[in-house]
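Undergrad: Please find the sequence and the predicted model below.
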Amino acid sequence: MPLPLRTQVDQGKTLVIACVYAATLMVAYVEARPENEADASLGID
């Protein structure tokens with residue numbers, strides 16, 4: 001039995017928030033590292 005639409009919407013919002021939160025943490029982590037170390041790990045010359 002499919003989930004009610006409201007439940008699907010709530011799960012979608014939760015997923016979006018989780019993705020944004022994870023992306024924010026990744027950006028903050030990369031920016032907090034020394035430039036040369038971050039560049040090397042991302043493969044940027």
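TA: Ah, there it is.
Undergrad: Low-confidence ranges, the chain, go.
TA: Low-confidence segments of the chain, defined by pLDDT under 70: 1, 34-45.
Undergrad: longest single helix anywhere in it?
TA: helix 5-32 (DSSP state H).
Undergrad: other SSEs contacting that helix?
TA: Packing partners of helix 5-32 (3 or more CB pairs under 8 Å, 6 or more residues apart in numbering; DSSP states H and E): helix 35-42. Backbone N, C-alpha and C define where each C-beta goes, glycine included.
Undergrad: ok so, going back, which of the residues in the longest helix of the chain are buried?
TA: Across helix 5-32, burial judged by 16 or more other CB atoms under 10 Å covers no residue at all.
Undergrad: residues contacting residue 20?
TA: The neighbourhood of residue 20, defined by CB atoms under 8 Å, 6 or more residues apart in numbering, contains no residues.
Undergrad: where's it relative to residue 2, distance?
TA: Distance, residue 20 to residue 2, using CB to CB, to the nearest Å: 26 Å.
Undergrad: helix/strand/coil for residue 3?
TA: Here residue 3 is recorded as coil under DSSP: H, G, I helix; E, B strand; the rest coil.
Undergrad: Chain neighbours aside, what residue packs nearest to it?
TA: residue 11 (7.6 Å; CB to CB, 6 or more residues apart in numbering).
Undergrad: do you know how far the one you found is from residue 25?
TA: From residue 11 to residue 25 the distance is 21 Å (CB to CB).
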